[in-house]
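Asker: mind folding the following:
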Amino acid sequence: MTTDAESESAIPRYRDPLCLIPVAAGLWWLLAGHGLWWLLCALVPGCLMIAGGVSLFLWPGEVKQTHYLALGGFLGVPLGLLAALGGNAGDALLAAAVSAAIFVFAGRAALRAAPQVAGAPVPPQELRVYAKSAVDEALLGFFVGVARFPGGELAERLCREAEALEQALHTNGWLDDPAAFHLAPAAPAQVTTIARRTAGVDYQQLRFASEFAPRGGLPGGERWGAHARNRDCSAWLHRHDAPGRPWLLCIHGYRMGYPWIDFRLFEPALLHQKYGLNLLMPLLPLHGPRRAGRMSGDLYLDGDLLDLLHAQTQALWDLRRHVAWIRAQEPQARIGVLGYSLGGYNASLLAAHEDGLEFVVAGIPVSDFVPLLWQHVPPPLRAFFAARGLDSGRYRNLLKVVSPLALPPKPAPERLHIFAGSADRVVPPDQPVNLMRHWQREAVWYPGGHLTFRGEPAVERCIEDAMVGAGWPLAGMRSEG
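Answerer: Residues are numbered from 1 along each chain as shown. Below is the predicted model of the structure:
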């Protein structure tokens, strides 16, 4: 039996007149006030609302429309309040309110246009869920807005190198045996620890040489190795003096890698102090102090599309090197893994290659980069790539050696855990469903988006169940108190 929510989501209206609402809102933004200050505040949100509304009405189906519409609404709230400094307080407050409404509208439009996925629940069609979806859409608007897409000579080189890369992977047998592509790193011999304090939280920064080197002869390997700051591993460490405490390896998401944000997701007050765990938070390649661009994560998922192979190969190497460091300290260490988003992908990849992990929790996990990235590549560039043999199928084949879906996981099924959001717009439900099917495990679903999982009871229960199922002696758990 099909519910009303399923029907509305499965059969979107073509040229929905409601899409003209953002157009009217954007025009009002641009025309309501007077003076240069108002115009400066109104220009970005007004233009994004008009562009998003017009494109939604005339050309429905392009994913970027709701990204930019939500971003316009999101920016319009603080800019509306800022516009009040120019003396138009009433109009400015109304502009902020209109922007908030358009922000929620964008979340609603995105969620209702999303295809339903077998194995995932239908998200509630409610105002709060639309708002959560809009948060994701605004984040995607930012991500796509700052992304670097290959063009000119880089696009030509990508096509040439993709063919050479595929040939090298095939010749060496790595496409048939992805495990053979990866080498197992040794524990680092020289490690530096530095006492740090951020936002009242004391911790240590762990640093050692990565010693990762791309496989010889692979296209782009030398360029990847030229990222000087990426040659050192870095991690945030919370460790108890008493020996024998379990270790939780915490893997952050895309564009994270700074203590002030990492500690909000992996809460030391809860995980380290209340539960009594040792926490090790490795920084993924090109993130935080390892960055190669202005922002954390630059060049990991944008720029040269083939660099993602090297990024994920090094990510797996570095994570295993951190595990080796833990075991060098404590040979009998009990190690569990918790990763969010991009960290969920890497937690899943680690589960396919590392023996002895007591559990793995893949939170809101990416499982296949190709559809997430390919949909944002501009259509003319996709056509250019396809004409030269680099389509999404070939790109997926190139990434097979770093796919968590290419090999069976090493932990037993009962030690594998997944949680996901039914209204997630950054990592849509088909991504965790793919991992569910590969792991043959059901996911824990919550009715929210990508950035709004914190505080969800289902998520907290999933993480606790992983620890309890592994037999970890935890004090003060919510399930016990």
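Asker: alpha carbons only for contacts and neighbour counts from here, please
Answerer: Noted.
Asker: end to end, how far does stretch 342-360 reach?
Answerer: Using Cα to Cα, to the nearest Å, the span of stretch 342-360 from its first residue to its last is 14 Å.
Asker: so what touches it?
Answerer: Contacting residues not belonging to stretch 342-360 are listed as 179, 251-254, 312, 315-316, 319-320, 334-339, 361-367, 402-404, 407-411, 415-417, 466-467, 470 [Cα atoms under 8 Å, 6 or more residues apart in numbering].
Asker: equivalent analysis for stretch 238-250, please.
Answerer: 203-204, 266, 268, 272, 276-282, 330, 333-339, 472.
Asker: hang on, the earlier thing: among the contacts of stretch 342-360, which lie within strands?
Answerer: Cross-referencing these against strands under DSSP state E gives 251, 335-339, 361-363, 416-417.
Asker: which of these tops the neighbour count?
Answerer: For the ones in strands among the contacts of stretch 342-360, the largest neighbour count, defined by other Cα atoms under 10 Å, is 32 neighbours, found at A362.
Asker: would you mind listing which of the contacts of stretch 238-250 are buried?
Answerer: With burial judged by 16 or more other Cα atoms under 10 Å, the buried subset of those is 203-204, 266, 268, 272, 276-282, 333-339, 472.
Asker: hang on, the earlier thing: could you single out the nearest of the ones in strands among the contacts of stretch 342-360 to G220?
Answerer: I251 (25.6 Å; Cα to Cα).
Asker: mind listing what that closest one touches?
Answerer: 281-284, 337-340, 343-344, 346-347.
Asker: next one: L75
Answerer: L75 sits next to 44-45, 99 when contact means Cα under 8 Å, 6+ apart.
Asker: ok, now with 7 Å
Answerer: L75 makes contacts with P45, as judged by Cα atoms under 7 Å, 6 or more residues apart in numbering.
Asker: is it in a helix, a strand, or coil?
Answerer: The local conformation at L75, judged by DSSP: H, G, I helix; E, B strand; the rest coil, is helix.
Asker: ok, now how distant is it from K132?
Answerer: Distance, L75 to K132, by Cα to Cα: 16 Å.
Asker: with G297 instead?
Answerer: G297 sits 24 Å away from K132 when distances are taken as Cα to Cα.
Asker: name the single longest strand found in the chain.
Answerer: The strand that spans the most residues within the chain, counting by DSSP E, is strand 201-209.
Asker: which residues are in contact with it?
Answerer: Taking Cα under 7 Å, 6+ apart as the criterion, the residues outside strand 201-209 that touch it are 188, 190-197, 231-238.
Asker: list the strands paired with it, with their directions.
Answerer: According to DSSP bridges, strand 201-209 forms sheet pairs with strand 192-198 (antiparallel), strand 232-238 (antiparallel).
Asker: any chance of these in CSV, plus mean pLDDT, distance to G90 and mean neighbour count?
Answerer: Rendered in CSV, the data for those read as follows (pLDDT from 0 to 100; distance: least, Cα to Cα, whole Å; neighbours: other Cα atoms under 10 Å):
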stretch, mean pLDDT, distance to G90, mean neighbour count
strand 192-198, 96, 40, 12
strand 232-238, 98, 47, 23
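Asker: turn these into CSV, columns for distance to Y395.
Answerer: Conversion of these to CSV gives the following (distance: least, Cα to Cα, whole Å):
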stretch, distance to Y395
strand 192-198, 38
strand 232-238, 28
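Asker: how's this protein carved up into domains?
Answerer: When the chain is parsed into structural domains using automatic domain parsing, the resulting residue ranges are 4-146, 153-469.
Asker: quick check: which of the strands paired with strand 201-209 is nearest to E460?
Answerer: Taking Cα to Cα, strand 232-238 is the member of the strands paired with strand 201-209 nearest to E460, at 20.4 Å.
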